[in-house]
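Peer 1: Structure, please.
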Amino acid sequence: MSDQEGTYSILRFLRSPSESQNRSRPGSTQNPGKTDGKASRFSFSLCGITPVILGVFSLLLLMLCGFFHYQYFQSVQESESKMKSLIQQTESLQNKEENFLQVLKALEQNKEILQQLQKQNEWASLYITEALQELNVEQGDRCGPSLSHWVQYRDHCYHQTVQIVSWLECSDLCISLNATFLKTERSRLMYIMKLLAANHTWLGLSYNEEDNQWKWEDGSLPSPGLSLPKPSTDFQGNCVYANVNTVGMDTCTMSSSCVCEKPVCAKHSEES
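Peer 2: As a prediction, the model looks like this:
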């Protein structure tokens, strides 16, 4: 072996480790086939994952869109329901207002009718009063020429005395007028009181202490129609008086007018 060949061998031997290091470095350009294979596998993996990720995002986006659409739909339905309820309430209030106005109008009409009826009643009452007064004047002669202040009802004449006496004196006073102390029932009594326009005048009715009962002067019992209070010892010494529409009790010794009655005169009975 020559000296040149030996020197070449030594240099080659010394260069070999550095070359081996260069092969093992990442930046080395050695083995281009292996590097291309790794890059291809990474690109393939990335291309496979990307559609999956995009699909997941698309699915999530679709779900979000569906959720918000559902919420919007529910909100719209609730709004429509509330609007419908509000419209119904408004219509109900309008109907109630119309009904109230109709009732108010009817009340106004009834008020006018009532006022007209009251006026008619006043005119009718005035007419009846005048007619009764004329009738009383005409009927005075039927009860006798000297009894012009008497009024006739059916087959009897009635008179409220001008003289004021106690209840115990009424019977004698009526006898002096050729009449008797009044004894009658409620319906007839109230009509007679209206004819006489009497107020607080004695009737022939008192509380009997012996029997503890209300009794007429002739001893007969009054009808329940007079609505007298239940007999009690508290009414001892009380007698019954009459007003136009009511009857009441007072002490028999109190002075008041008396109501006397007598049958229609025989002459008038024969003429009728």
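
Peer 1: C-alpha only now, for contacts and for neighbours.
Peer 2: Fine.

Peer 1: mean confidence for the helix or strand encompassing Q109?
Peer 2: Using DSSP states H and E, Q109 sits within helix 32-140. Mean pLDDT, helix 32-140: 78.

Peer 1: same for it, what does it pack against?
Peer 2: With contacts taken as 3 or more CA pairs under 8 Å, 6 or more residues apart in numbering; DSSP states H and E, helix 32-140 sits against strand 151-153.

Peer 1: tell me the secondary structure for M254?
Peer 2: coil (DSSP: H, G, I helix; E, B strand; the rest coil).

Peer 1: From K194, how far off is the closest residue to it other than its chain neighbours?
Peer 2: Distance criterion CA to CA, 6 or more residues apart in numbering; nearest residue to M254, sequence neighbours excluded, is S166 at 5.3 Å. Remark: distance between S166 and K194 (CA to CA, to the nearest Å) = 23 Å.

Peer 1: thinking again about what came up before, quick one: contacts for the residue nearest to M254?
Peer 2: By CA atoms under 8 Å, 6 or more residues apart in numbering, S166 lies in contact with C252, T253, M254, S255, S256.

Peer 1: Which one of those residues is nearest to V244?
Peer 2: S256 (14.9 Å; CA to CA).

Peer 1: The closest one: how many residues sit nearby?
Peer 2: 19 (other CA atoms under 10 Å).

Peer 1: Phi, psi for the nearest residue to it once chain neighbours are set aside please.
Peer 2: Sequence neighbours aside, I164 is the residue nearest to S256 in space, at 4.7 Å (criterion: CA to CA, 6+ apart). As for I164, its main-chain torsions (degrees, to the nearest 10) stand at phi -100, psi 120.

Peer 1: Tell me the pLDDT of I164.
Peer 2: 92.

Peer 1: residues touching it, list them.
Peer 2: S255, S256, S257, C258.

Peer 1: what helix or strand does the last one sit in?
Peer 2: When you say that, I think you mean C258. Using DSSP H and E, C258 falls in strand 257-263.
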